[in-house]
Each structure stands twice: as C-alpha cells, then as structure tokens.
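Asker: Quick check, what structure comes out for this input:
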Amino acid sequence: MKFEKLTDGYILANGVSIPCVGFGTWQTPDDQSGVDAVKAALACGYRHIDTAAVYGNEESVGAGMHESGVKREDIFLTTKLWNAVRGYDETLAAVEGSLERLGTDYLDLYLIHWPNPARYRAQWAEKNAESYRAMETLYREGVLRAIGVSNFKPHHLDALLQTAQVVPQVNQIRLCPGETQAETVAYCTRRNILLQAYSPMGTGKIFGDPTMREMAARYGRSVAQLCVRYSLQRGWLPLPKSVTPARIAENAQVFGFAIESRDIEIIAGLRGSCGTTNDPDTVGF
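Answerer: Next up is the predicted model:
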C-alpha cells in the first residue's frame, strides 16, 4: 500500500479508515507541555492520536485536541483499558471515564492494553472475555468505532476468539529495528488484524546504533525517519512520540522516499539494538 501523506489510511476489517502514522503520547506529561505537543502534532498534519488511561495524560490530550481547532471528526483517537480494570461493568465505567477526561463522546479505537495482568493472572482469559464483551456492546452502540487489543500474542488471541463476536481490528505491539515479533505478525496478518507499531524507535535506543546512523546518512534522512518509514514498508502503523515540535514535524516527513529491500532486512536484523520487549505473561503490572 502506497502512502503519500499522514492522512492516507489503512482500512480496518470493519471498513474504518485509520491514518497511516499516529502520534504516540506515552511518557508525555499531563500538563501544558502535553497539551502543546498534541497541538504541535495536529498543526503539522497528524490526524491520529494514541493515548491510554495508564499514561495519565488523557486530559492534556483532550485539551490539545480541543485547542487545536481541528474538528473532532477529523481526528482518529485511541485510548486503552488498563490492567487494573477487568469485567463487563468495570470496562463500561472505564470507557466512560476516558471519554470524560478526553472531552469527547466517542472513541475511534479502544484497546485492551495488556492480555495477562498480574492482578488477574489466574483467570486472564475469562477476564479479557468479559471486558471485550463490554467493548463489543459499546462498538455496536457506536461509542467505539473500532476495537482491538495490545501486546497480545497468538495464544492470547486464540483465547479471546473463543467468545468474541467481533474479531479485533487492531493489535498494537512493540515493533522496531531488530524486534519483528514474526509469529504474532504472521498470525494477525492472516486474520486481517492491523498491526500498530509502538516504540518504533525503541524509546530512543536506536539512535546509538552505528548501522542506523550510517544508513540514515546514506539516505539523507534522520534515524527517526528511517524507523517510521521502515514500519510503513513492513505494513505496520507506526506511533512515533516526541514533545519537541521540530522532532514531531521531522517524524512526519517520511514520504517521497523508500528504503531498499536489502536495507529493510538489515534493519529487521538489528537484534538487541532497541533493547528487549516485555513478555506479556510475566510482566509485573
């Protein structure tokens, strides 16, 4: 799929269009700098904003959206259900809380943030099913335009699909140089579940990699731009994050060039360059 601008979209399994690059807000403060970061992203053309209840910045994200002057219907907004919450009624309440903090009456995408929280480790499959059923209710009511998961591996998805009536439209996982999660990617691709790539730059670790620095110089691009472009060429949806306006704009300038296939393979093979990925079945939260 060829993208030429930030607003070009992937089409989810339910026909909803989702802009091909999202603006990530993990570790973005819930203060004026957070508001300004969202406004800067929208000013330079982003129309896809990703947050989560646990980030603690939904109010700033909502304020940035409202102060930007961009119409709500022109923004694709994602947030997520945190690990401390599971169950049908509890999930309905969690969505309502996110809507209130974000200052909106609907969400474009809502995700279960992690599949196997420490609090529910003995009954994670049952608890996910209960929460997902609540999400399906809100999806049918139009409160959620799309629903999905995050950090789910094939066995988590297999368990969810035993009861789900709506196949998750998205799985947001850690995908970056050297971290390809091949089994999960293949599973989702077969089932038309879009893969979103969070931490596409390895939370900054990739900037110290000499191979990437050499490649960026050769292409006349920044390492960050190569990381975002790499995700797009793999068929993933990257979610770059920054609070610096110049870098926010730079991370969006990923069109009009292509990474050669041999270099795509080199980037994919940079094992350990972005650190390790948490195992969702052993995380302590």
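
Asker: Just say helix, strand or coil for the residue nearest to Ala84 when sequence neighbours are not counted.
Answerer: Among residues not flanking Ala84 along the chain, Arg119 sits closest, at 6.3 Å (C-beta to C-beta, 6 or more residues apart in numbering). Any C-beta I mention is one placed from the backbone N, CA and C, and that applies to glycine too. Judged by DSSP: H, G, I helix; E, B strand; the rest coil, the three-state class of Arg119 is helix.

Asker: Pull the number of nearby residues for Arg119.
Answerer: 14 (other C-beta atoms under 10 Å).

Asker: tell me the SS of Arg213?
Answerer: helix.

Asker: Could you double-check that it lies in contact with Val223?
Answerer: Yes - when contacts are counted by C-beta atoms under 8 Å, Arg213 is listed as touching Val223 (6.3 Å).

Asker: Name the residues contacting each of those two.
Answerer: Phe207 (C-beta atoms under 8 Å, 6 or more residues apart in numbering).

Asker: So for Lys2, what's the pLDDT?
Answerer: Looking at Lys2, its pLDDT is 86.

Asker: Arg213 and Val223 - which one has more neighbours?
Answerer: Comparing Arg213 with Val223 by other C-beta under 10 Å, the one with more neighbours is Val223, at 21 against 15.

Asker: check contacts around that one.
Answerer: Met201, Ile206, Phe207, Asp209, Met212, Arg213, Ala216.

Asker: Check Leu144 too.
Answerer: Per C-beta under 8 Å, 6+ apart, neighbours of Leu144: Val95, Tyr106, Leu107, Leu109, Tyr110, Met135, Leu138.

Asker: Quick check: beta-bridge partners of it?
Answerer: As for beta bridges, Leu144 partners with Leu107 under DSSP bridges.

Asker: Check the gap between it and Tyr132 for me.
Answerer: 11 Å (C-beta to C-beta, to the nearest Å).

Asker: And for Asp8?
Answerer: In terms of C-beta to C-beta, Asp8 sits 29 Å off from Tyr132.

Asker: of those two, who's got more company?
Answerer: Tyr132 (26 against 15).

Asker: That one touches Leu160, doesn't it?
Answerer: Yes - counting by C-beta under 8 Å, Tyr132 does reach Leu160; the two are 6.1 Å apart.

Asker: Now Gln196: which helix or strand?
Answerer: Per DSSP states H and E: Gln196 is located in strand 194-198.

Asker: neighbouring strands for that strand, and are they parallel or not?
Answerer: strand 170-174 (parallel), strand 237-239 (parallel).

Asker: any idea how far the first one is from the chain center?
Answerer: Right, strand 170-174. Chain-centre distance of strand 170-174: 6 Å, with C-alpha atoms, centre = their mean, to the nearest Å.

Asker: Now do the same for it: mean pLDDT, whole number.
Answerer: 98.

Asker: what do you get for the last one?
Answerer: Taken as a whole, strand 237-239 has an average pLDDT of 98.

Asker: Off-centre distance for that strand?
Answerer: 6 Å.

Asker: So which elements touch the next helix or strand after that strand?
Answerer: The helix or strand immediately downstream of strand 237-239 is helix 245-251, counting by DSSP H and E. Counting contacts by 3 or more C-beta pairs under 8 Å, 6 or more residues apart in numbering; DSSP states H and E, helix 245-251 packs against helix 32-43, helix 223-233.

Asker: Which SSE is immediately downstream of the first one?
Answerer: Sequence-wise, the next helix or strand downstream of helix 32-43 (DSSP H and E) is strand 48-50.

Asker: Please list the outside residues in contact with that following strand.
Answerer: Residues outside strand 48-50 that contact it (C-beta under 8 Å, 6+ apart) are 6, 18-19, 21-25, 38, 41-42, 61, 65, 75-79, 172, 196, 198, 239.

Asker: Just list what the helix or strand that that strand is followed by packs against, helices and strands only.
Answerer: Per DSSP H and E, strand 48-50 leads on to helix 58-68 as the next helix or strand towards the C-terminus. If you count contacts as 3+ C-beta pairs under 8 Å, 6+ apart, helix 58-68 packs onto helix 32-43, helix 88-102.
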